[in-house]
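Undergrad: This is a predicted model, with the sequence first.
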Amino acid sequence: MASSPGVQLSAEERRALEVQARSHSGRADAARRARIILMLAEGASYTQIEQRVDCTAMTVAKWKTRFLEARLAGLRGRHRGSKPRVLTPQLEARILNWTRRAPPHGATHWSTRTLARKLGIQHTVVARAWRRAGLQPHRLERYMRSTDPDFETKAAAIIGLYLDPPQHAAVFCVDEKTAIQALDRRDPVLPLSPGRAERHGFEYLRHGTLSLYAALETQSGEVLGKTTPRHTSEAFVGFLGDVVASQPVRKEIHIIVDNLSAHKTDKVQAFLAAHPAVTLHYTPTYSSWLNQVELWFSKVERDVIARGIFTSVTDLARKLRRYIAHYNKTATPFRWAYADPLRRIA
């Protein structure tokens, strides 16, 4: 028996501790505990152990006490860590089944942690199952279903105008962007700088609204635009006259519009009767996304309106016209691609 004040080791204990202290494949913290006990058995002081093992006196005292209480078994860590969980097919199916249910605590969807608590597993296991299945419960996508019984017939006719327009004919996508606000800022705009975005004051001034009519020529991508105080059937008919005037006399013109009531009034029908070369094609109900001019309106919103500062309605109209003129210098047609032609586009 080797002894030291308070610590005595049997030959078997010494051999076990020496093997553990020299091990390069075991846990580093277990080797350090073995060295502490061996040095105590050799009569080393706490200060010497602190310097050679790089620990505190409190650590030395703790493992000395545990060794004296339970010998070698006392040197094992008492916290065994979290129980490992394997994502088995059965567990994965259970996670996915619960994911599709509404949470019982009133939330609209599960998080990895709330579902993990419900199932008594680790949240990382839930995250792994969701990742494998391509599920993201925190995300939401919206859609609009067309109620038009002739949806496919009307949609095919419009797509046909895009892909295979009639020879010697012009195809226009026409719509209006209504109630565009001429907003001014009470406080000066602070320009962007490295590490800081452009900043606008929270308060603004309203200077009125206007509507923007736009006709996108699908083969060239050029846009004919016109601003009006309001969107009315009379204003729409006037803009149709501008579209006709932009083309050679008697040229066949196809115009794609949505189902707005202002597009179907008696004045519109009278205009069509007076211009037999013009044909209106109405998109199916709730399917204005088939109208390519909506893509262009999204560009106007991003480039001009969303962050624009307008001192008056006149200023707003001037900046919209300037944008259209500049856009037409490099205009290109929109190119659509549909990934799965076997799937309904409704």
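TA: Alright, I've got the coordinates.
Undergrad: and the next element down the chain from the helix or strand that contains residue 207?
TA: Secondary-structure element containing residue 207, defined by DSSP states H and E: strand 204-217. Under the assignment DSSP H and E, the closest C-terminal helix or strand after strand 204-217 is strand 223-228.
Undergrad: ok, that following strand: who's next to it in the sheet?
TA: Using DSSP bridges, the strands paired with strand 223-228 are strand 204-217 (antiparallel).
Undergrad: Can you point out the buried residues in the partner strand?
TA: By neighbour count on 16 or more other CB atoms under 10 Å, the buried set for strand 204-217 is 207, 210-217. (C-beta placed from N, C-alpha, C; glycine too.)
Undergrad: Identify, by residue count, the longest helix of the chain.
TA: The single longest helix within the chain, with elements called by DSSP state H, is helix 313-329.
Undergrad: Give the buried residues for that one.
TA: 313, 316-317, 319-320, 323-324, 327.
Undergrad: same deal with stretch 165-174?
TA: Buried-residue list, stretch 165-174, by 16+ other CB under 10 Å: 170-174.
Undergrad: dump the residue contacts of the residue nearest to the spatial centre of the chain.
TA: Residue closest to the average C-alpha location in the chain (CA atoms, centre = their mean): residue 139, at 7.7 Å. Shown in contact with residue 139 (CB atoms under 8 Å, 6 or more residues apart in numbering): no residues.
Undergrad: From residue 244, how far off is it?
TA: As judged by CB to CB, to the nearest Å, residue 139 and residue 244 stand 46 Å apart.
Undergrad: low pLDDT regions in this protein?
TA: Residues of the chain that meet the criterion pLDDT under 70 lie in 1-6, 79-84, 337-346.
Undergrad: By residue count, what's the longest strand in it?
TA: Identified as the longest strand of the chain according to DSSP state E is strand 169-185.
Undergrad: Off-centre distance for stretch 265-276?
TA: Centre-to-centre, stretch 265-276 and its host chain are 45 Å apart (CA atoms, centre = their mean, to the nearest Å).
Undergrad: Can I get that stretch in PDB? Just the C-alpha atoms.
TA: Output of stretch 265-276 as PDB, limited to C-alpha atoms (Å, rounded to 0.1, in the frame of the first residue of the first chain):
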ATOM      1  CA  THR A 265     -68.700  49.100 -69.400                       C
ATOM      2  CA  ASP A 266     -70.900  50.300 -72.300                       C
ATOM      3  CA  LYS A 267     -68.200  52.900 -73.100                       C
ATOM      4  CA  VAL A 268     -65.700  50.100 -73.500                       C
ATOM      5  CA  GLN A 269     -68.100  48.100 -75.800                       C
ATOM      6  CA  ALA A 270     -68.700  51.300 -77.900                       C
ATOM      7  CA  PHE A 271     -65.000  51.800 -78.300                       C
ATOM      8  CA  LEU A 272     -64.500  48.200 -79.400                       C
ATOM      9  CA  ALA A 273     -67.400  48.600 -81.900                       C
ATOM     10  CA  ALA A 274     -65.700  51.700 -83.300                       C
ATOM     11  CA  HIS A 275     -62.300  49.900 -83.500                       C
ATOM     12  CA  PRO A 276     -62.900  46.400 -85.000                       C
END
